[in-house]
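Trainee: kindly generate the corresponding structure for this input.
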Amino acid sequence: MGLITGPLRRRATGHFAGLTLLREDDANSFGVESAGKWQVRGNGNLALTKHELLFAQWVPNRLVRIPRDSIVEVTTARSHLGKTVFRDLLKVTWTTELGTQDSIALWVKDLDGWLEALRS
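Mentor: Numbers count the residues shown, from 1 in each chain. Modelled structure (predicted):
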């Protein structure tokens, strides 16, 4: 691990302590729709448990928790909140506790694997 990324990755994966992970990978978030296009986006760790999808962002130290039973759609997108890397992104849409829909898009290395895991 790099001198900078190592501590950030360890801090992020600390959010998953005590959880039984079905899958975990590095990811790059293109943001949560409800936070708007001016939010800080970036690298972090994406994890899947039996009950939740979690994204622990490295900087700032932030955790997005999405209950799996609230997920309404798992798809791909080429951009999100005005940003693109000209590759397919994992896009997850869910219903919030307030009853509104929200979404997050992430670049992951194994897109097909994540789509399969989230759709099963």
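
Trainee: which element is residue 113 on?
Mentor: For residue 113, the enclosing helix or strand under DSSP states H and E is helix 111-119.

Trainee: return the distance of that helix from the chain's centre.
Mentor: Computed by Cα atoms, centre = their mean, to the nearest Å, the chain-centroid distance of helix 111-119 equals 13 Å.

Trainee: buried set for the longest strand along the chain?
Mentor: The longest strand of the chain (DSSP state E) is strand 83-95. The neighbour-count check on strand 83-95 (16 or more other Cβ atoms under 10 Å) flags 88, 89, 90, 91, 92, 93, 94 as buried. The way it works is simple: take the backbone N, C-alpha and C, and place the C-beta from them, glycine included.

Trainee: hmm, back to that, same for the helix holding residue 113, what does it pack against?
Mentor: If you count contacts as 3 or more Cβ pairs under 8 Å, 6 or more residues apart in numbering; DSSP states H and E, helix 111-119 packs onto strand 23-32, strand 42-48, strand 71-80, strand 83-95.

Trainee: report the central residue of this protein.
Mentor: With distances taken as Cα atoms, centre = their mean, residue 55 lies nearest the centre of the chain, 4.1 Å away.

Trainee: can you pull the contacts of that one?
Mentor: Counting by Cβ atoms under 8 Å, 6 or more residues apart in numbering, residue 55 touches 27, 29, 44, 45, 46, 47, 63, 64, 104, 106.

Trainee: before we move on, back to that, tell me the one among the buried residues of strand 83-95 nearest to residue 69.
Mentor: Within the buried residues of strand 83-95, the smallest distance to residue 69 is 9.2 Å, found for residue 94 (Cβ to Cβ).
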